[in-house]
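In: Predicted model and sequence follow; I will ask about them next.
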Amino acid sequence: MAISSRIARINAFLLCLIGFSALQGVTSLGINYGQLGNNLLEPQKVLDLLSSLKVTKARIYDTNPQVLTAFANSGVELMVTIENAMLGQLMNPQAALQWVNAHIKPYVPATKITSIAVGNEVFTDDDTTVLLANLVPAMVSIQIALTQLGFDSYIKVSTPCSLAVLEESYPPSAGSFKTEVAGVMSQLLQFLQTTKAPFWINAYPYFAYKDNPNKISLDYVLFNPNSGMIDPYTKLHYDNMLYAQVDAAIFAMARLGFNGIEVKVSETGWPSKGDANEIGATLQNAAIYNRNLLRRQLANEGTPLRPRMRLEVYVFALFNEDMKPGPTSERNYGLFQPDGTMAYNVGLSALSTTSTTSSTSTASISDLTSSATKVKKQSTTRDFHQSWVSCIFFCVVTFQVYMRRPF
């Protein structure tokens, strides 16, 4: 009995070790919780839905007090948003302080607000000229207000950018920002580097495929098995477009002299329905894209350029929103219907269970290229980790069999 008990304890310890190793560092992806619908679930039921899916991060496009109240003590990390139209007012530090006092202070720390998005796609908004002049000053004012109130240590300030800010994105090493946004972009990146906040991008491989389906592989944009592409400059291999888009943004930042800023994907998704000219907008493609993305998230993957830095992604969107303007696709990005029933099954619940700035831009690009040459060696780390876990599991089973053999 003593030997059996000891064996049981050893087995339990090794199995726990395996479980810990497999789950260590695994965090749920985020999801965009838009509210442009007249038939959506109330916030408490939305929270129940997220909890059932084990989703622990969400982004909202305002500071809706009903949502902030409902999410109190839930542990769900929230990114809230300041509307573009507010940026002019919030350039004033006193107005920014009043805003934080009214929209953030009453809810923290019970509601886990971790990020404030100052505007959304400001660089490509219809009123770009005015908004760009207001963007960084408004971000600075919000940051000062957070610091005054003691919230700056756990609430980061950034702004999601459309990939339309890039002049070049293919191959990834050619990534560069458009000349007309480079000045304000440099100011933004300086702010992010100083505050250690991430650079947020809204990245949609769907749009690239829709605009050029004859030249872009559907398997490449859907994360399906494919031959991919090799960047001729870095020699890095890309098997999907999303990772290539992220690395293009990293290279674009480097060309302005900024290295080491983390890139996160604030929006990505695929529409399940579209107009006749919206090629690829189908239920099947949407399910495949999001299912494959979820699997990549579960594996804690980084991009080829930064394989050891897990890419944080927020899927767009939680619901189909019937009041969104634009083409049919805009109202059909949701994983769920407004009443909480699945639009299609991506296996979300099942999957859930399981630097310093260089002195010149040229130096920054060289640093990235040098880093890229080491990536092939670094990318073996995850494979080794998985093999190590499998090896321990095999040893446990073998040990069990051995101990049960008659002597």
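Out: Arrived safely, thanks for sending.
In: CA only for contacts and neighbour counts going forward, please
Out: Fine.
In: Does residue 265 belong to a helix, a strand or coil?
Out: Taking DSSP: H, G, I helix; E, B strand; the rest coil as the rule, one finds residue 265 in the strand state.
In: wait, I meant residue 201
Out: Applying three-state DSSP: residue 201 is strand.
In: How about residue 261?
Out: Three-state assignment for residue 261 (three-state DSSP): coil.
In: Now do the contacts for it.
Out: Going by C-alpha atoms under 8 Å, 6 or more residues apart in numbering, residue 261 touches 192-193, 196-199, 355.
In: Dump those to CSV, plus distance to residue 46.
Out: Formatted as CSV, the contacts of residue 261 follow (distance: C-alpha to C-alpha, whole Å):
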residue, distance to residue 46
192, 32
193, 34
196, 31
197, 28
198, 27
199, 28
355, 38
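In: can you tell me which of those are in helices?
Out: Judged by DSSP state H, helices contain the following of these: 192-193.
In: Neighbour-wise, which one of the contacts of residue 261 leads?
Out: Most neighbours among the contacts of residue 261, by other C-alpha atoms under 10 Å: residue 199, with 23 neighbours.
In: how near is that residue to residue 123?
Out: 13 Å (C-alpha to C-alpha, to the nearest Å).
In: Across the sheet, point out what pairs with residue 116.
Out: Assessed by DSSP bridges, residue 116 has beta-bridge partners residue 80, residue 157.
In: tell me, what residue is most central in the protein?
Out: In the chain, the centroid-proximal residue (C-alpha atoms, centre = their mean) is residue 313; its distance is 1.8 Å.
In: which parts of the helix or strand harbouring residue 293 are buried?
Out: Using DSSP states H and E, residue 293 sits in helix 283-298. Using 16 or more other C-alpha atoms under 10 Å as the test for burial, helix 283-298 gives 283, 285-295, 297-298.
In: now, the most widely separated pair of those residues?
Out: Within the buried residues of helix 283-298, two members stand farthest from each other by C-alpha to C-alpha: 283 and 298, at 22.5 Å.
In: quick one: terminal-to-terminal distance for stretch 244-263?
Out: 12 Å.
In: Need the residues that contact stretch 210-225.
Out: So stretch 210-225 is in contact with 205-206, 208-209, 226, 228, 239-242, 278-280, 285, 288-289, 292-293, going by C-alpha under 8 Å, 6+ apart.
In: Try it again at 7 Å.
Out: Residues outside stretch 210-225 that contact it (C-alpha atoms under 7 Å, 6 or more residues apart in numbering) are 205, 209, 226, 228, 239-241, 278-280, 288-289, 292.
In: Distance from that stretch to the middle of the chain?
Out: Chain-centre distance of stretch 210-225: 21 Å, with C-alpha atoms, centre = their mean, to the nearest Å.
In: I'd like the average pLDDT over it.
Out: What stretch 210-225 shows for mean pLDDT is 97.
In: Buried residues, that stretch. List them.
Out: Those buried within stretch 210-225 under the rule 16+ other C-alpha under 10 Å are 210, 217-224.
In: For burial, what's the neighbour tally of the closest residue to residue 160 other than its chain neighbours?
Out: Take residue 160 and drop its neighbours on the chain: the residue closest to it by C-alpha to C-alpha, 6 or more residues apart in numbering is residue 200, 4.5 Å away. Residues near residue 200, counting by other C-alpha under 10 Å, number 24.
In: Could you pull up the contacting residues of residue 200?
Out: Counting by C-alpha under 7 Å, 6+ apart, residue 200 makes contact with 159-161, 263-266.
In: swap in residue 186?
Out: Contact analysis of residue 186 by C-alpha under 7 Å, 6+ apart lists residue 256.
In: Quick check: pLDDT value at it.
Out: 98.
In: Give me the contact list for the helix or strand harbouring residue 66.
Out: For residue 66, the element it lies in under DSSP H and E is helix 65-70. Applying C-alpha under 7 Å, 6+ apart, the contact partners of helix 65-70 are 43-44, 107, 111.
In: What is the burial count for residue 269?
Out: Look at residue 269: counted by other C-alpha under 10 Å, it has 24 neighbours.
In: how about the strands in this structure?
Out: With strands called from DSSP state E, the chain shows them at 30-32, 57-59, 77-82, 113-118, 156-158, 161-162, 166-168, 176-177, 199-202, 229-230, 237-238, 263-268, 313-315.
In: could those strands go into TSV alongside distance to residue 128?
Out: Below are the strands of the chain laid out as TSV (distance: least, C-alpha to C-alpha, whole Å):
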stretch	distance to residue 128
strand 30-32	24
strand 57-59	23
strand 77-82	16
strand 113-118	14
strand 156-158	17
strand 161-162	12
strand 166-168	15
strand 176-177	15
strand 199-202	17
strand 229-230	34
strand 237-238	33
strand 263-268	20
strand 313-315	25
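In: Among the ones you listed, single out whichever gets nearest to residue 324.
Out: It's strand 30-32; of the strands of the chain, that one is closest to residue 324 (C-alpha to C-alpha) at 14.3 Å.
In: How far off centre is that closest one?
Out: Distance, centroid of strand 30-32 to centroid of chain: 8 Å (C-alpha atoms, centre = their mean).
In: just checking, what packs against it?
Out: strand 57-59, strand 313-315 (3 or more C-alpha pairs under 7 Å, 6 or more residues apart in numbering; DSSP states H and E).
In: Any chance of these in CSV with mean pLDDT as columns?
Out: Output for the helices and strands packed on strand 30-32, formatted as CSV (pLDDT from 0 to 100):
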stretch, mean pLDDT
strand 57-59, 98
strand 313-315, 97
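In: Of these, which is nearest residue 29?
Out: Using C-alpha to C-alpha, the nearest of the helices and strands packed on strand 30-32 to residue 29 is strand 313-315, at 5.8 Å.
In: What strands flank the closest one, and is each parallel or antiparallel?
Out: The strands beside strand 313-315 in its sheet (DSSP bridges) come out as strand 30-32 (parallel), strand 263-268 (parallel).
In: Which residues outside that strand are in contact with it?
Out: Residues outside strand 313-315 that contact it (C-alpha under 7 Å, 6+ apart) are 29-32, 264-269.
In: Dump those residues into TSV; add pLDDT as well.
Out: Converted to TSV, the contacts of strand 313-315 look like this (pLDDT from 0 to 100):
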residue	pLDDT
29	84
30	96
31	97
32	98
264	98
265	98
266	98
267	98
268	98
269	98
